[in-house]
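Asker: give me the fold of what follows.
(one chain, ligands or ions: 1)
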Amino acid sequence: MSTDERPEWMKSGMPHIWLPYAQMKTAAEPLPVVGSAGSTLTLADGRTLIDGVSSWWTACHGYNHPHIAAAVHAQLEAMPHVMFGGLTHEPALRLARRLCERLGPGLDRVFYTDSGSVAVEVAMKMALQYWLNQGERQRSRFVAFRGGYHGDTFGTMAVCDPDEGMHRMFGGMLAQHDILALPLDEADDAALEAHLRTHAHALAGIIVEPLVQGAGGMLLHPPRVLARLRELADRHGLLLIFDEIFTGFGRTGTMFAFEQAGVKPDIITLSKALTGGTLPLAATVASARVFDAFWSDDPTHALMHGPTFMGNALACAAANASLDLFEQEPRLAQVAAIEAALRAGLAPLAALPWVRAVRVLGAIGAVELDGIADRDGLRRRLVEAGVWVRPFGNIVYLTPAFTIAPQALQTLLAAVGEVLGAQRP
Ligand SMILES: *Cc1c(COP(=O)(O)O)cnc(C)c1O
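Answerer: Modelled structure (predicted):
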């Protein structure tokens, strides 16, 4: 939209806002959104876009689902929020019980936070203190993997991919961890095993995004890699953390990605789709074994963490309503249908000379390009084609709502195909 068509609130507010991941001097202006419904966003000038991103993978039931809206309305009337220190409430405890039921035995204790990064911070703190409480003070490092993304806070940046992440910029200010290649082939497997043999005594655990490294480039690995990590963690006595903030709640075709590998982590982190994309909430869920290392008469063995808004009742009510929808509506069947449509719709793009690879798993479709010379231009052409798709790095990806209508998904795929096929991006 041209500058003078912007709504008044945008003209007066933009000089005071600082946007995410944006060079404020040169970045294209954000689009003013005034409404959402299903898989559609409505802009201030009345245009509508089909949403291919689900607002950073959160809105798995589409926008404005009436069941979640009703649950949040009712909770707002009853009690929006109370502190979680010394007080508790039904939405939080019901959600904890239901999450543990869905995760199955071996993931037994839920700690709430309000964002994914903080859930990972808590997972790392849990793992470190698990060892401290047993008198093992030398276990200060984690093994993490190239291509990984675990958040933007200082603790989590240190376990992100060192090149894609912010290691260089903050060199010397981040904790040192051991970032290796995922064991996809024999050489990398041998390197990981040798590393663990030598360094296990200084390690607290291994952290990985199971099946899909999301923000690192939608990189896929087969379930056997997770089974192998479980085996190595057990052999070397390390805790295994699965960061399912992106993959959790159906995105890869099963409720949780670990189900496809038939192994469980000692600690799992959940966030993004936890509330169906409505309110911020995250959970770090630990095994009874991890929890037992904190169970003591010694007060210094307690987990010392407690975000102000932890267990927010509105967010927990939304998450409970989201779980209702997974129980009542055929979400995983919808994901399977989306997977088939993404495979069929994106496959032809692999023939374009500037496309390096097409990857599909569950409701995730990614096109890796050999480069994007003008990312703002590409984003603009996608908007002009009537879709909201936000390429990053050299990746154009689709992570639609599981409820997207088949016709809307076809329109989305056709728009992406047209824009990517028309010219080298
Ligand atoms: C998004 C994401 C995070 C960080 O979550 P925030 O809520 O943005 O802090 C961590 N890990 C993974 C795998 C993610 O996709």
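
Asker: give me the most central residue, this structure.
Answerer: In the chain, the C-alpha nearest the mean C-alpha coordinate belongs to residue 246, at 2.5 Å (CA atoms, centre = their mean).

Asker: and that residue, how far from residue 293?
Answerer: Distance of residue 246 to residue 293, given as CB to CB, to the nearest Å: 28 Å. (Glycine included, C-beta is placed from N, CA and C.)

Asker: same question for residue 342.
Answerer: Between residue 342 and residue 293 the computed distance is 42 Å (CB to CB).

Asker: these two touch, right, residue 413 and residue 343?
Answerer: No - taking contacts as CB atoms under 8 Å, residue 413 lies outside contact range of residue 343: 10.5 Å.

Asker: joint contacts of these two?
Answerer: When contacts are counted by CB atoms under 8 Å, 6 or more residues apart in numbering, residue 413 and residue 343 have no shared neighbour.

Asker: neighbour-wise, which of the two wins?
Answerer: The neighbour comparison of residue 413 against residue 343 (other CB atoms under 10 Å) goes to residue 413, with 22 against 13.

Asker: the closest residue to that one other than its chain neighbours: which element?
Answerer: Counting by CB to CB, 6 or more residues apart in numbering, residue 345 is the residue found nearest to residue 413 once chain neighbours are left out, at 3.4 Å. Element membership of residue 345 [criterion: DSSP states H and E] is helix 331-346.

Asker: re the thing from before, so the residue nearest to the centre of the chain touches residue 208, yeah?
Answerer: No - Residue 246 lies out of contact with residue 208 (CB under 8 Å); the separation is 12.0 Å.

Asker: return the distance of the nearest residue to residue 18 once chain neighbours are set aside relative to residue 372.
Answerer: Excluding the flanking residues, the one nearest residue 18 by CB to CB, 6+ apart is residue 24, at 6.8 Å. Relative to residue 372, residue 24 is positioned 20 Å away (CB to CB).

Asker: neighbour count winner among these two?
Answerer: Remark: of residue 24 and residue 372, residue 372 carries more neighbours, 19 against 9, as counted by other CB under 10 Å.

Asker: next up, the contacts around that one.
Answerer: 378, 391, 393, 394, 425.

Asker: burial count for the closest residue to the ligand within the stretch 251-400 of the chain?
Answerer: The stretch 251-400 of the chain approaches the ligand most closely through residue 271 (5.1 Å), counting by CB to the nearest ligand atom. Using other CB under 10 Å, the number of residues around residue 271 comes to 28.

Asker: and residue 324, by the same measure?
Answerer: Residue 324: 15 surrounding residues under other CB under 10 Å.

Asker: cool, and residue 290?
Answerer: 24.

Asker: residues touching it, list them.
Answerer: Neighbouring residues of residue 290 by CB under 8 Å, 6+ apart: 109, 126, 127, 130, 239, 266, 267.

Asker: tabulate those residues (CSV), appending distance to the ligand.
Answerer: Shown next, in CSV, are these (distance: CB to the nearest ligand atom, whole Å):
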residue, distance to the ligand
109, 20
126, 16
127, 15
130, 20
239, 17
266, 17
267, 13
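
Asker: up against the ligand, what does the stretch 251-400 of the chain have?
Answerer: Within the stretch 251-400 of the chain, the positions near the ligand by CB under 6 Å from any ligand atom are 271, 272.

Asker: per-residue confidence at residue 142?
Answerer: Looking at residue 142, its pLDDT stands at 98.

Asker: check residue 4 too.
Answerer: At residue 4, pLDDT is 66.

Asker: tell me where the stretch 201-350 of the chain has strands.
Answerer: For the stretch 201-350 of the chain, applying DSSP state E, counting those that start in this stretch gives strands covering 203-208, 212-213, 219-220, 239-243, 267-270, 282-286.

Asker: which elements pack onto the third one?
Answerer: The reference is to strand 219-220. Other elements packing on strand 219-220 under the criterion 3 or more CB pairs under 8 Å, 6 or more residues apart in numbering; DSSP states H and E are strand 212-213, strand 355-361.

Asker: what lines up beside the shortest one in the sheet?
Answerer: Strand pairing for strand 212-213, determined by DSSP bridges: strand 219-220 (antiparallel).

Asker: quick one: average pLDDT of the partner strand?
Answerer: Across strand 219-220, pLDDT averages out at 98.

Asker: then stretch 40-52?
Answerer: Stretch 40-52 comes out at a mean pLDDT of 98.

Asker: which stretches of the chain have low pLDDT?
Answerer: Scanning the chain for pLDDT under 70 picks out the ranges 1-4.

Asker: quick one, helices of it?
Answerer: 8-13, 54-57, 66-78, 90-103, 116-132, 154-157, 186-199, 223-235, 258-261, 288-292, 313-328, 331-346, 375-384, 406-422 (DSSP state H).

Asker: so who does whatever residue of the chain ends up closest to the ligand touch?
Answerer: The ligand sits closest to residue 116 of the chain, with a gap of 2.1 Å, by CB to the nearest ligand atom. Contacts here follow CB under 8 Å, 6+ apart; on that basis residue 116 touches 151, 245, 269, 271, 272, 282.

Asker: redo that, cut-off 10 Å
Answerer: Residue 116 makes contact with 56, 149-153, 156, 243-246, 269-272, 274, 280-283, according to CB atoms under 10 Å, 6 or more residues apart in numbering.

Asker: what's the answer for residue 390, then?
Answerer: Taking CB under 10 Å, 6+ apart as the test, what residue 390 contacts is 52, 53, 56, 375, 378, 379, 382, 383, 396, 397.

Asker: and the residues you listed, which is closest to residue 190?
Answerer: Residue 190 lies nearest to residue 397 out of the contacts of residue 390, by CB to CB, at 32.0 Å.

Asker: can you verify my assumption that that closest one contacts residue 54?
Answerer: No - checked against CB atoms under 10 Å, the pair residue 397 and residue 54 is beyond contact range at 11.0 Å.

Asker: spatially nearest residue to residue 154 (excluding sequence neighbours)?
Answerer: residue 174 (6.5 Å).

Asker: ramachandran coordinates for that neighbour?
Answerer: Main-chain torsions, residue 174, degrees, to the nearest 10: phi -110, psi 150.

Asker: what sits closest to residue 207 if chain neighbours are left out?
Answerer: Closest residue to residue 207 apart from its sequence neighbours, by CB to CB, 6+ apart: residue 241 at 4.3 Å.

Asker: pretty sure that neighbour sits against residue 264.
Answerer: No - with contact defined as CB under 10 Å, residue 241 does not reach residue 264; the gap is 11.3 Å.
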